[in-house]
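**Student:** starting from these lines, generate the structure:
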Amino acid sequence: MDELTIIKRDNGAYIDSREVAVAIGKEHCHLLRDIRGYCRIIEKNSLSKIGLPDFFIESSYISSRGKLHPCYLISKMGCEIVANKLTGEKGVLFTAAYVKKFNEMETAEHEAAPKATARPRLGEFNSAVRNVLNGMNYCCVNPNRVMSFLSGVYKPLGIEVCEADDYVDDFYSVTSIARLLKVYSKNGRPHGHAISSIIAKLNVPKSKVIVVPYGLVGMMVKYEWSVVQSVKNWLEEHGKPNEIPHYGFKYHIYYVRQLSFFDDDYDIIDLNDDDEFFTAEELDEMCGQYDDCDECPGVHLCCDDD
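**Tutor:** Next up is the predicted model:
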């Protein structure tokens, strides 16, 4: 039984029918007759998902007299069919022999295969990157060099990072957009969720979006300036709504008195106890009390004049 030899053919593994015939104590011509019968049954029943090569492959060999003779290459499943027709000791020994041979081959292939290295979870990876970034920021490293570092780290992982270029600073997160448009939640924080909901309605093209690493959360999406303008236009076209529908519920938003939206110095200003919050209706009512929009206590977003 140890004489069984595995033959590789067309990404499959087989044993020569001549060796199988010796192993089971049967004349080779008789085994060929049996195999042809098995093949006819398989073809007759049209096993669409299982073809003959999964069991038997027709082959040939040249005898010691120089004559060409037929034989079959028998797969592991083919050996199972042959073994199922055997009884007694020969059937048991043949089954043990072919199973041992195929298992040895599979074990050798598994050990020879390159071991896949475990990849850290993205959150853990981002945490390590963040520690490096903190050190780079502490050392006042040029932002473009920081972006080059991020690009070199994430691209091998299949994650695209915007190229190191000055235009990176012209992209805004939803929280930054909320600050710029003076759109806040009731607790006085920039309402990024409401901005995200509006952006989802705008069908923003991918060319206007970048993704950058962000702490343990994973990645942060940022948008170019034209998206900020589109969100502003959407708010104006919809009458500065106080509620933004979002998948079955609504975000409640408030507009805060701060800088004019299109002032040249639209810096982000931290809120304090003196900031006043108004709904759209309250802003409209206040705007009607002033002839000059610059005197309005609300943001210019609520007025007809930009």
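
**Student:** how about the strands in the stretch 151-300 of the chain?
**Tutor:** 171-172, 183-184, 209-214, 218-224, 243-246, 249-252, 254-256, 277-278 (DSSP state E, counting those that start in this stretch).

**Student:** can you give me the helices in this protein?
**Tutor:** 17-24, 28-44, 76-84, 88-112, 122-138, 143-154, 174-180, 192-202, 225-237, 280-287 (DSSP state H).

**Student:** any idea which of those is most buried?
**Tutor:** Most buried of those, by mean neighbour count (mean count of other Cβ atoms under 10 Å): helix 174-180, with a mean of 22. Bear in mind the C-beta positions are built from the backbone N, C-alpha and C, glycine included.

**Student:** what's the mean pLDDT across that helix?
**Tutor:** Mean per-residue pLDDT for helix 174-180: 89.

**Student:** same question, stretch 51-68
**Tutor:** So the average pLDDT for stretch 51-68 ends up being 89.

**Student:** end to end, how far does that stretch reach?
**Tutor:** Using Cα to Cα, to the nearest Å, the end-to-end distance of stretch 51-68 comes to 26 Å.

**Student:** domain-wise, how is the protein divided?
**Tutor:** 7-112, 165-302 (automatic domain parsing).

**Student:** indicate which one of those domains is closest to Tyr154.
**Tutor:** Nearest to Tyr154, of all these, is domain 165-302, at 6.9 Å by Cβ to Cβ.

**Student:** most packed of the strands of the stretch 151-300 of the chain?
**Tutor:** Most buried of those, by mean neighbour count (mean count of other Cβ under 10 Å): strand 183-184, with a mean of 24.

**Student:** how about low-confidence regions in this structure?
**Tutor:** Where the chain drops to pLDDT under 70, the residues are 1-2, 46-50, 115-125, 135-146, 157-169, 213-219, 256-306.

**Student:** what do you get if the cut-off is 80, keeping everything else the same?
**Tutor:** 1-3, 45-51, 113-170, 211-220, 247, 256-306 (pLDDT under 80).

**Student:** can I get the domains of the chain in CSV including distance to Asn131?
**Tutor:** CSV is the format used below for the domains of the chain (distance: least, Cβ to Cβ, whole Å):
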stretch, distance to Asn131
domain 7-112, 37
domain 165-302, 10
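
**Student:** nearest to Ala128, out of the ones you listed?
**Tutor:** Proximity to Ala128 (Cβ to Cβ) singles out domain 165-302 among these, at 10.4 Å.

**Student:** how about the helices of the chain in TSV, adding distance to Tyr254?
**Tutor:** Formatted as TSV, the helices of the chain follow (distance: least, Cβ to Cβ, whole Å):
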stretch	distance to Tyr254
helix 17-24	82
helix 28-44	74
helix 76-84	70
helix 88-112	62
helix 122-138	32
helix 143-154	33
helix 174-180	11
helix 192-202	10
helix 225-237	13
helix 280-287	9
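
**Student:** ok, now how distant is His191 from Lys232?
**Tutor:** Distance of His191 to Lys232, computed by Cβ to Cβ, to the nearest Å: 14 Å.

**Student:** same check on Cys29?
**Tutor:** 87 Å.

**Student:** what's the closest of the domains of the chain to Arg130?
**Tutor:** Of all these, domain 165-302 comes closest under Cβ to Cβ, at 5.5 Å.

**Student:** just give the closest residue to Ala83, not the sequence neighbours.
**Tutor:** Spatial nearest neighbour of Ala83, chain neighbours left out: Thr95 (4.6 Å); criterion: Cβ to Cβ, 6 or more residues apart in numbering.

**Student:** ugh, wrong one, I meant Tyr38
**Tutor:** Excluding its sequence neighbours, the residue lying closest to Tyr38 (Cβ to Cβ, 6+ apart) is Ile81, at 5.6 Å.

**Student:** which residues sit in contact with Val183?
**Tutor:** By Cβ atoms under 8 Å, 6 or more residues apart in numbering, the contact set of Val183 is Pro190, His191, Ala194, Ile195, Leu235, Ile253, Tyr254, Tyr255.

**Student:** show me the contacts for the third one.
**Tutor:** Contact partners of Ala194, counting by Cβ under 8 Å, 6+ apart, are Ala178, Val183, Ser185, Ile244, His246, Tyr251, Ile253.
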